[in-house]
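S.K.: just need the structure, nothing else, for what follows:
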Amino acid sequence: MAAGLRRGVHRGIPVSGVSLLYEGADDALEERHAELIGMIRSEGLASDEFVLEIPTDKVVNTALLLDELPDVYDSLVFIRPSDAKRFIGLAALYDLAVETAGRDRVAKVERVNLLDLKKALPADEAARYVKEVPHESLAKVVRVRE
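M.R.: Alright, predicted model coming up:
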């Protein structure tokens, strides 16, 4: 690996089959990867030893389905939760969920956004309602500084 690529993300030490990240991990490798792929594409670089493979995903041609089979389209169409949130907001989604599923079911998955809490209460009071929860998927090996 070139020295310039070693500065950022260093995936490393497999521990019990899980690859941990070293401290200082960033997006340098991913950025460099995108840069190199872009260069290969824009400059039309070719090789006898390598070929650029671009994976594809199968997706529904929604425009064609709507045009040719509107009833099927209407029975299958949906929007992502993030789009629903953007269109109608979290409060309206919450109210709709309570109305549809009932308060008891919704209560089991209720959340309060930390930034909203900080806006609603003075800092010292908001801090009383904040706790730290370990985020195991972000575990990393950290160099001990001397």
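
S.K.: give the helix, strand or coil label for Ala92.
M.R.: What DSSP: H, G, I helix; E, B strand; the rest coil gives for Ala92 is helix.

S.K.: begin at 436 from here
M.R.: Fine by me, first position is 436 from now on; the one you just mentioned is Ala527.

S.K.: got a list of what it touches?
M.R.: Ala527 makes contact with no residue, according to CB atoms under 8 Å, 6 or more residues apart in numbering. Any C-beta I mention is one placed from the backbone N, CA and C, and that applies to glycine too.

S.K.: any idea of the pLDDT on it?
M.R.: With respect to pLDDT, Ala527 scores 95.

S.K.: quick check: it vs Arg546, distance?
M.R.: 16 Å (CB to CB, to the nearest Å).

S.K.: check Val494 too.
M.R.: Using CB to CB, Val494 is found at 30 Å from Arg546.

S.K.: Tyr508 too?
M.R.: For Tyr508, the distance to Arg546 (CB to CB) stands at 33 Å.

S.K.: who has more neighbours out of the two?
M.R.: Comparing Tyr508 with Arg546 by other CB atoms under 10 Å, the one with more neighbours is Tyr508, at 16 against 8.

S.K.: element containing that one?
M.R.: In the assignment (DSSP states H and E), Tyr508 maps to helix 505-511.
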